[in-house]
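Asker: Sequence and computational prediction follow.
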Amino acid sequence: MALVKRVALAPRAVRQLRRVRSVYVAGMLLSALGLLSLDDSAAGGRQTVIAGVFLLVFAALLTLTAVQLWRHGRTKHCSTAKKLSPLV
């Protein structure tokens, strides 16, 4: 684990990551809706493949964003992580 370098994110980057999460969730929902709305006759068609690719891309982007925010919240030396983390 010595190869992992902990870098604190700037407050602006954290705000942008938090805002973009809703865009990724909306993209996933629209892709899933498009995938479910296609009829069975076009099961292997181009539209189905494209909707599936969009769903995978948005899921990967949402996962990466969540991991970045989770890693940022775990940094103890960063003052922005303490300021921006929700108080529980």
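Answerer: Good, I have the coordinates.
Asker: Would you check that residue 20 makes contact with residue 68?
Answerer: No: with contact defined as Cβ atoms under 8 Å, residue 20 does not reach residue 68; the gap is 10.5 Å. (Each C-beta comes from the backbone N, C-alpha and C, glycine too.)
Asker: any idea of the pLDDT on residue 86?
Answerer: Looking at residue 86, its pLDDT stands at 57.
Asker: likewise residue 59?
Answerer: What the model reports for residue 59 is a pLDDT of 97.
Asker: mind checking the SS state of it?
Answerer: With DSSP: H, G, I helix; E, B strand; the rest coil as the basis, residue 59 sits in helix.
Asker: tally of neighbours for it?
Answerer: The burial count assigned to residue 59 is 16, neighbours taken as other Cβ atoms under 10 Å.
Asker: Give me the nearest residue to it, chain neighbours excluded.
Answerer: Once flanking residues are discounted, residue 59 sits nearest to residue 28: 5.9 Å by Cβ to Cβ, 6 or more residues apart in numbering.
Asker: residues touching the one you found, list them.
Answerer: Counting by Cβ atoms under 8 Å, 6 or more residues apart in numbering, residue 28 makes contact with 55, 58-59, 62.
Asker: The spatially most central residue of the chain is in what secondary structure piece?
Answerer: Among the residues of the chain, residue 62 comes closest to the average C-alpha position under Cα atoms, centre = their mean, at 1.3 Å. For residue 62, the element it lies in under DSSP states H and E is helix 46-73.
Asker: Just give the nearest non-adjacent residue to residue 34, would you?
Answerer: In space, residue 34 is closest to residue 51, 4.4 Å off (Cβ to Cβ, 6+ apart).
Asker: so what pLDDT did that neighbour get?
Answerer: So, for residue 51, pLDDT stands at 90.
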